[in-house]
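Participant: Here is a sequence together with a model predicted from it:
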Amino acid sequence: MDRETRIFAEKHFQGLGECLPSSVGRTPDCVDFIEKPEAFSYADFFKRFLLPNVPCVFSSAFTESWGSRKHWVTPEGKPNFDYLLQNYGDMIVPVANCGVKEYNSNPKEHMPLRDYIIYWKEYIQENYSSPKGCLYLKDWHLCRNTSAEGVYSLPVYFSSDWLNEYWDAIDVDDYRFVYMGPAGTWSPFHADILRSFSWSVNICGRKRWFLFPPGQEEALRDCHGGLPYDVTSPTLLDVRLHPARTHCSAPLEVTQEAGEMVFVPSGWHHQVHNLEDTISINHNWINGCNLGPMWRFLQQELLAVQQEISEWRDVMPDWHHHCQVIMKSCTGINYEEFYHFLKIIAEKRIPSLANGMATETAGSVSDTGLGVQHTAFDVSRITEVLASLITNPDFQRLDTSAFSLQPGDLLQQLEEARTATVSL
């Protein structure tokens, strides 16, 4: 990131704090297509898509060097089952049944990749039908068990990835996935976890995306307040079941071809259908641009839990603690873990910023990833959100005495680091 982009970004967020809206800027009439890597910089992506929180599609030229596009695909453009079996056949993978609705998702089972590919081949031979149903390999953490080297390389546009940086640091989880499935497999209507961004590359095959800007999903709720499972269902036309449907704009629709890369912004609900036998690689990610929406989402989630069990407030010991426990079970994170998330990222950025400033003063090139200006931007965003977290009444109810670094001390370190960036 250069200085001009950093100043542009900080002005964008100036004064918004935790009130940052879900979608900032314009809602496009169509999804922009980025053709040439050499003509599209990180700053271009940052200013045109990341900050305004709007989607785009990158051409297959951006991924043509990936090993998975060479080895996982036959010369005819189909999944290379032989290669996948030889290299990953014994790995256990999660498989969802697209024909069974479980709440607003699909039930999953686990099986060896070998068994799934046997099923997939039979499914194709039987004219895309099986008594086992329509099975979709989803959310396979391939790179948790093996190196991504030779499979794909992280595009620079998505390299400011705090979510996976955090999980890698504590060595518990990650949000890097492989999806595989025959034509007809699909993912029901949803928004990505924790209001993260996501990117998705088709290694082979084609997908159809339906994208709804933040807030549009409210008009799709049924008369009981529930979000739809399938936005292509004719039941959405029934105004008795979906009384606000006429207030919802038509979705942005994208047909993603082999090799192409889709950027899904924060808070955009979407539904995705595989039009052909398809393999894709996906990441969820969070950084300074959607940290505000993440924090606001967590506040909304906790409030929903508090309202759900409000009748027990006066009779349940440690009611506030139980709300945090329930929130974590539903969301995957609570206020304590959110603080540790901010802390781990901050503790990497503060010394990195100091080192970067020193190398710039000495006339050297900064080695801080996307550069010292990006590190300064990160520090600024963490400072603002941490300040909001510390003053939040529900966070103040937590016992932080055992924290290795007290929240107030971390905030002071961040503020001192941010003050030092004035001269940058």
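Facilitator: Happy to help now that I have it. Residues are numbered from 1 along each chain as shown.
Participant: can we go C-alpha only for contacts and neighbour counts from here?
Facilitator: OK.
Participant: A strand includes P28, no?
Facilitator: No. Read with DSSP: H, G, I helix; E, B strand; the rest coil, P28 is coil and lies in no strand.
Participant: ok, F49 - contacts?
Facilitator: Neighbouring residues of F49 by C-alpha atoms under 8 Å, 6 or more residues apart in numbering: 55-56.
Participant: scratch that, S404
Facilitator: Per C-alpha under 8 Å, 6+ apart, neighbours of S404: none.
Participant: what residues does stretch 5-13 touch?
Facilitator: So stretch 5-13 is contacted by 20, 43, 47, 51, 373-374, 377, 380 (C-alpha under 8 Å, 6+ apart).
Participant: go again using 7 Å as the cut-off
Facilitator: 43, 373-374, 377 (C-alpha atoms under 7 Å, 6 or more residues apart in numbering).
Participant: Stretch 251-261 now?
Facilitator: 30, 57-60, 63, 199-212.
Participant: Which of these are buried, as a PyMOL select command?
Facilitator: Selecting only the buried entries of the contacts of stretch 251-261 in PyMOL, with 16 or more other C-alpha atoms under 10 Å as the criterion:
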select buried, resi 57+58+59+60+63+199+200+201+202+203+204+205+206+207+208+209+210+211+212
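Participant: quick one, domains of the protein?
Facilitator: Annotated domains of the chain cover 26-213+249-285, 291-423 [automatic domain parsing].
Participant: Save the ones you listed as JSON lines, and put in mean pLDDT and distance to R221 too.
Facilitator: Shown next, in JSON lines, are the domains of the chain (pLDDT from 0 to 100; distance: least, C-alpha to C-alpha, whole Å):
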{"stretch": "domain 26-213+249-285", "mean pLDDT": "96", "distance to R221": "12"}
{"stretch": "domain 291-423", "mean pLDDT": "91", "distance to R221": "17"}
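Participant: Those domains: which one's closest to V231?
Facilitator: domain 26-213+249-285 (6.7 Å; C-alpha to C-alpha).
Participant: JSON lines for the contacts of stretch 5-13, including neighbour count, distance to G292 and secondary structure?
Facilitator: Formatted as JSON lines, the contacts of stretch 5-13 follow (neighbours: other C-alpha atoms under 10 Å; distance: C-alpha to C-alpha, whole Å; DSSP: H, G, I helix; E, B strand; the rest coil):
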{"residue": "A43", "neighbour count": "16", "distance to G292": "20", "secondary structure": "helix"}
{"residue": "Q373", "neighbour count": "23", "distance to G292": "20", "secondary structure": "helix"}
{"residue": "H374", "neighbour count": "22", "distance to G292": "17", "secondary structure": "helix"}
{"residue": "F377", "neighbour count": "24", "distance to G292": "14", "secondary structure": "helix"}
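Participant: Tell me the one among the residues you listed nearest to R195.
Facilitator: Distances from R195 to the contacts of stretch 5-13, taken by C-alpha to C-alpha, are shortest for F377, at 19.8 Å.
Participant: And that closest one, how far from I203?
Facilitator: Noted for F377: a distance of 33 Å to I203, by C-alpha to C-alpha, to the nearest Å.
Participant: Now the helix or strand where I382 lies: buried residues?
Facilitator: Assigned by DSSP states H and E, I382 belongs to helix 372-391. Buried residues in helix 372-391, counted by 16+ other C-alpha under 10 Å: 372-387, 389.
Participant: where along this protein do the helices fall?
Facilitator: For the chain, applying DSSP state H gives helices covering 3-13, 42-45, 67-71, 81-88, 113-125, 142-145, 162-170, 291-308, 319-331, 335-361, 372-391, 393-396, 407-420.
Participant: measure P75 to C204 for me?
Facilitator: The gap separating P75 from C204 is 11 Å, by C-alpha to C-alpha.
Participant: Please read the previous query as pertaining to E301.
Facilitator: Counting by C-alpha to C-alpha - E301 and C204 are separated by 37 Å.
Participant: Kindly report the same for L84.
Facilitator: Going from L84 to C204 by C-alpha to C-alpha gives 13 Å.
Participant: repeat for F338
Facilitator: 36 Å.
Participant: cool, and L291?
Facilitator: Taking C-alpha to C-alpha, one finds L291 at 32 Å from C204.
Participant: Okay, the nearest residue to S380 once chain neighbours are set aside and V262: tell me how far apart.
Facilitator: Leaving aside its sequence neighbours, S380 sits nearest to R418 (C-alpha to C-alpha, 6 or more residues apart in numbering; 6.1 Å). The gap separating R418 from V262 is 33 Å, by C-alpha to C-alpha.
Participant: who's more crowded, these two?
Facilitator: V262 (24 against 20; other C-alpha atoms under 10 Å).
Participant: which non-adjacent residue is nearest the more buried one?
Facilitator: Closest to V262 by C-alpha to C-alpha, 6+ apart is V57, at 4.6 Å.
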